[in-house]
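Q: Quick one: sequence and predicted model below, then my questions.
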Amino acid sequence: DQQVKQNSPSLSVQEGRISILNCDYTNSMFDYFLWYKKYPAEGPTFLISISSIKDKNEDGRFTVFLNKSAKHLSLHIVPSQPGDSAVYFCAAGSSGSARQLTFGSGTQLTVLP
Amino acid sequence: EAGVAQSPRYKIIEKRQSVAFWCNPISGHATLYWYQQILGQGPKLLIQFQNNGVVDDSQLPKDRFSAERLKGVDSTLKIQPAKLEDSAVYLCASRVGGTVVTFGSGTRLTVV
C-alpha cells in the first residue's frame, strides 16, 4: 500500500528550463509535506516543505505547490541547473501522529547542459 | 552544527552472518529514526525512538533485526542472521521538534 507515489522514475530537462516533479498521496491524515534531494553515496538532504494550510511555498529557485483536493503536490525548479541533477524524494507526515515521514520512490532528475 | 554520524559507510557480509550499524544523531535531537532504503525505492521506516524509548517499531522484522538507544543519544541497529534481501542502505536520521528530519550518509550493506 503505497501512500506516497512518484509515478515518474526519471525526468530530463535542459539547463535553464523548468523542472516539474510530481507526487501523489492517498492518506488524508498527511498535513505536511517535504521534498528531499539525494546525491549518490549521500543521505537525503532537506530541500523545501509545505504545510497543508498553504497551497504554495517558495524558496529561491524552488517552489512547492499543494493541491489538497487532488492529493497532489509538485516541485518546480526554475531555472534548472546541472547541479540539480539528483534523485528527488517526496515525503509526507502527520502532525497528529508520531511525526514519521512516508516517502515516495523518488524521481531521478537529469539537467542537461 | 555537526550532522548525523553513521558508521561504517560500507559493509559486505555473507548471508546468515550478523552485522551492526552505529548512529550518533545531531546533539539535542530527541527523536531518532532508522530507515531502510532498497535500491530503486524510497526510504522505509524501521524504528523510531524518542530519547531512549521506542515510539514505533511496527515495521521492524523483529525475528532478525534489533535496535537500541540505551542512553538516549547514539543508537545501534543489528541484523542477525542477515538475508540476501537485507541488502540496502540503512539510514539514520534525527529530529528536534518541527517537521524536518535530518539524515546521515547511510551504511550500504551488501549481503552475498
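A: That came in fine, so what should we check first?

Q: Next, count neighbours for residue 55.
A: Let's take chain A. A:D55: 12 surrounding residues under other Cβ atoms under 10 Å in any protein chain shown. In short, each C-beta sits where N, CA and C put it, glycine included.

Q: wait, I meant chain B there
A: Other residues lying near B:V55 total 16 when counted by other Cβ under 10 Å.

Q: Is the one helix or strand it maps to in proximity to chain A?
A: Applying DSSP states H and E as the criterion places B:V55 in strand B:53-56. Yes: Strand B:53-56 is in contact with chain A by Cβ under 8 Å from any Cβ of the partner chain, via B:V55, B:D56.

Q: tell me the mean pLDDT for the next helix-or-strand element following that strand?
A: For strand B:53-56, the following helix or strand on the C-terminal side (DSSP H and E) is strand B:65-68. Strand B:65-68 comes out with an average pLDDT of 97.

Q: hmm, whichever helix or strand comes after strand B:65-68 touching chain A?
A: Using DSSP H and E, the helix or strand that follows strand B:65-68 in sequence is strand B:75-79. No: residues of strand B:75-79 contacting chain A under Cβ under 8 Å from any Cβ: none, with a closest distance of 14.8 Å.

Q: what pairs with strand B:75-79, and is each one parallel or antiparallel?
A: Partner strands for strand B:75-79, per DSSP bridges, with pairing direction: strand B:19-24 (antiparallel), strand B:65-68 (antiparallel).

Q: returning to that earlier point: which positions within the strand holding B:V55 qualify as buried?
A: Neighbour-count burial for strand B:53-56 flags B:V55, B:D56 (criterion: 16 or more other Cβ atoms under 10 Å in any protein chain shown).
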